[in-house]
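Colleague: Okay, here's the prediction I keep looking at, along with the sequence it came from:
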Amino acid sequence: MIREEKQNARNAALHILMKVTREGSYSNLAVKDVLKNMQLSDMDRRLAVQIAYGTLENILYVDYALNHYIKEKPDDVLMNILRIGAYQILFLTRVPDSAAVNESVILCRENGQDKKSGFVNAVLRKLSADKEHIVLPDKDDEPSRYYSVKYSYPVWLVEKWAARYDLDFVENMLSYRPRQKGMCLVPNPSKISAAEWEAHLASRRLAFEKGEWSKECYYVRGYGNLSQDPMYLEGKATSVSEAAVLVAHIAEPREGMLIIDACAAPGGKCAMMAQLSGGKADIIAFDIHPHRVALIEKNARRLGFSMITPQMHDATEIKKGLVGRADVVLVDVPCSDLGVIDSKPDIKLTKSPETIRDLAELQFSILETSSKYVKPGGTLIYCTCTITEEENEGVVKAFLGGNPKFAPGDLAPHMPAFVDKARYNSGMIQLFPHIDHIDGFFVAKMVRRA
């Protein structure tokens with residue numbers, strides 16, 4: 001528990017960073033864990049999250065700038081204090097540099113770094129004086145390092161993308177920062193009509209915009225805490241990404257179908273498939289972890305979807321009783337998450353080329369096993385929230401090459417008119433945040449021949 005005198009936004013941000021950089025926590029879980037133990041105003045909570053996420057999002061640039069003034073890297077507490085101060089100086093125009101420096105000195109004193117407060121003061125004041133003159137690596141001599149520092153992406157990832165796409169495309173992808181459209185919510189038509197839902201939003205004076213890829217999606221700003229919202233608790237709406245809704249549409253769930261969601265937690269896609277089937281498809285939802293199975297069950301119960309059956313199961317192992325029975329099998333595999341870096345900036349610190357290689361092996365194993373549940377004429381959907389050839393096209397092409405009973409399916413009925421047909425004519429589509437204004441998602445549809 002954080003002591004009373006430390007209940008402030010910057011201390012919260014420091015504790016979030018420590019959980020991510022020292023303990024390897026996911027950023028969203030670190031935020032939740034830290035803020036539940038602190039009594040902060042709404043404004044301070046927002047500032048804490050902004051500083052923590054902003055520092056993680058820009059951490060390579062921040063470290064590059066700081067390293068001009070640091071001979072030896074400090075311990076992790078002091079380094080994160082410096083990062084917080086540097087982020088505010090370099091990126092938060094509404095925070096005066098003097099305030100960023102002074103608050104960082106206070107952070108030192110509050111976190112056992114009293115003797116280093118003078119060092120922090122000196123480093124950040126120098127950075128403040130020099131911030132308009134930071135020299136990046138040479139773009140012509142070291143293009144990968146230049147883009148890595150400028151946009152705070154690891155060199156290996158810049159090189160991976162540059163090997164596949166032209167540099168202008170890569171720079172657009174690295175520099176893109178999504179417009180904050182608000183929380184993506186989908187009303188549950190079994191409990192509330194679209195007109196009633198929109199009237200509810202109007203009664204709360206909440207502006208919204210509809211999704212471009214999935215019209216059921218409402219992007220709502222300022223909706224508030226879902227866990228305390230009656231509409232949410234009564235199952236009249238759910239929070240799910242627009243990409244997940246698109247995947248559910250591609251599955252084409254209908255009454256009487258047996259659907260298997262092989263890696264289902266937390267249950268958003270299987271809930272959408274239940275919704276699109278009018279609540280009349282039988283859905284078996286697998287996950288390997290008991291607490292995540294409980295999440296699926298809780299979500300299904302809240303929405304009133306009793307046709308969803310959560311089961312704890314390792315998707316790499318076959319369930320013989322289900323072989324050849326499913327109309328649809330959805331395989332949303334564990335992946336490197338590189339398509340959702342904007343909402344999970346810690347990914348930049350935790351993923352590596354080895355991670356991708358190991359994941360591709362796991363993904364192929366899950367796809368190969370799950371395909372055995374598809375009956376003749378049935379559909380197999382493979383998806384990830386990442387942007388790497390190894391995890392996406394590579395896995396699908398390897399699978400199709402060894403499984404002639406399966407052929408690419410047709411994505412056209414589910415693609416908006418503004419999407420170039422050349423992007424999905426092979427039964428696969430890669431979505432890019434900077435082009436499609438949606439998560440960086442990959443989807444492949446395959447059909448089992450009779």
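Modeller: Looks like it arrived, so ask away.
Colleague: I'd like to know how far the residue lying farthest from the centre of the chain sits from Ala398.
Modeller: What lies farthest from the middle of the chain is Lys115; by Cα atoms, centre = their mean that is 39.1 Å. From Lys115 across to Ala398, the span is 57 Å (Cβ to Cβ, to the nearest Å). Any C-beta I mention is one placed from the backbone N, CA and C, and that applies to glycine too.
Colleague: where do the strands sit along this protein?
Modeller: 183-187, 208-210, 218-220, 237-239, 258-261, 282-287, 308-312, 326-332, 374-384, 406-408, 428-430, 442-448 (DSSP state E).
Colleague: how about CSV for these, with mean pLDDT added?
Modeller: Output for the strands of the chain, formatted as CSV (pLDDT from 0 to 100):
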stretch, mean pLDDT
strand 183-187, 96
strand 208-210, 95
strand 218-220, 97
strand 237-239, 94
strand 258-261, 98
strand 282-287, 98
strand 308-312, 97
strand 326-332, 98
strand 374-384, 98
strand 406-408, 98
strand 428-430, 98
strand 442-448, 98
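Colleague: With distance to Ala30 and mean neighbour count added, can I get those in CSV?
Modeller: Listed next are the strands of the chain as CSV, based on distance: least, Cβ to Cβ, whole Å; neighbours: other Cβ atoms under 10 Å:
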stretch, distance to Ala30, mean neighbour count
strand 183-187, 20, 22
strand 208-210, 29, 14
strand 218-220, 25, 21
strand 237-239, 20, 20
strand 258-261, 28, 26
strand 282-287, 22, 24
strand 308-312, 26, 18
strand 326-332, 24, 25
strand 374-384, 24, 22
strand 406-408, 40, 16
strand 428-430, 30, 21
strand 442-448, 27, 23
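Colleague: now the ones you listed as TSV including distance to Ile347?
Modeller: Below are the strands of the chain laid out as TSV (distance: least, Cβ to Cβ, whole Å):
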stretch	distance to Ile347
strand 183-187	20
strand 208-210	27
strand 218-220	23
strand 237-239	21
strand 258-261	24
strand 282-287	21
strand 308-312	27
strand 326-332	17
strand 374-384	13
strand 406-408	30
strand 428-430	18
strand 442-448	16
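Colleague: Could you work out which of those reaches nearest to Gly85?
Modeller: With respect to Gly85, and counting by Cβ to Cβ, the nearest of those is strand 183-187 at 30.8 Å.
Colleague: Which strands and helices lie in contact with the closest one?
Modeller: Where contact means 3 or more Cβ pairs under 8 Å, 6 or more residues apart in numbering; DSSP states H and E, strand 183-187 is packed against helix 194-203, strand 218-220, strand 237-239.
Colleague: how much space between Glu212 and Asn172?
Modeller: 19 Å.
Colleague: likewise Phe441?
Modeller: With Cβ to Cβ as the criterion, Phe441 and Asn172 are 18 Å apart.
Colleague: and if you look at Ala450?
Modeller: Relative to Asn172, and taking Cβ to Cβ, Ala450 is found at 44 Å.
Colleague: residues contacting Val186?
Modeller: Glu216, Cys217, Tyr218, Ala237, Thr238, Ser239, Val240, Val245, Met272, Gln275 (Cβ atoms under 8 Å, 6 or more residues apart in numbering).
Colleague: Grab the nearest non-local neighbour of it.
Modeller: Glu216 (5.0 Å; Cβ to Cβ, 6 or more residues apart in numbering).
Colleague: Test my guess that the one you found contacts Pro187.
Modeller: Yes: with contact defined as Cβ atoms under 8 Å, Glu216 reaches Pro187; the gap is 7.5 Å.
Colleague: Roughly how far does the closest residue to Asp346 other than its chain neighbours sit from Ile106?
Modeller: In space, and not counting its chain neighbours, Asp346 is closest to Ser27: 4.3 Å by Cβ to Cβ, 6+ apart. Ser27 sits at a distance of 24 Å from Ile106 (criterion: Cβ to Cβ).
Colleague: What confidence value was assigned to the closest residue to Phe364 other than its chain neighbours?
Modeller: Among residues not flanking Phe364 along the chain, Val395 sits closest, at 5.2 Å (Cβ to Cβ, 6+ apart). We note a pLDDT of 98 for Val395 in this prediction.
Colleague: how much space is there between Glu196 and Ala300?
Modeller: Counting by Cβ to Cβ, the gap from Glu196 to Ala300 is 22 Å.
Colleague: likewise Ala12?
Modeller: For Ala12, the distance to Ala300 - Cβ to Cβ - is 34 Å.
Colleague: for Ala294, same thing?
Modeller: From Ala294 to Ala300 the distance is 11 Å (Cβ to Cβ).
Colleague: so Ile429 touches Ala422, yeah?
Modeller: No: with contact defined as Cβ under 8 Å, Ile429 and Ala422 do not form a contacting pair (10.3 Å).
Colleague: can you give me the helices for the stretch 351-450 of the chain?
Modeller: 353-371, 393-402, 433-436 (DSSP state H, counting those that start in this stretch).
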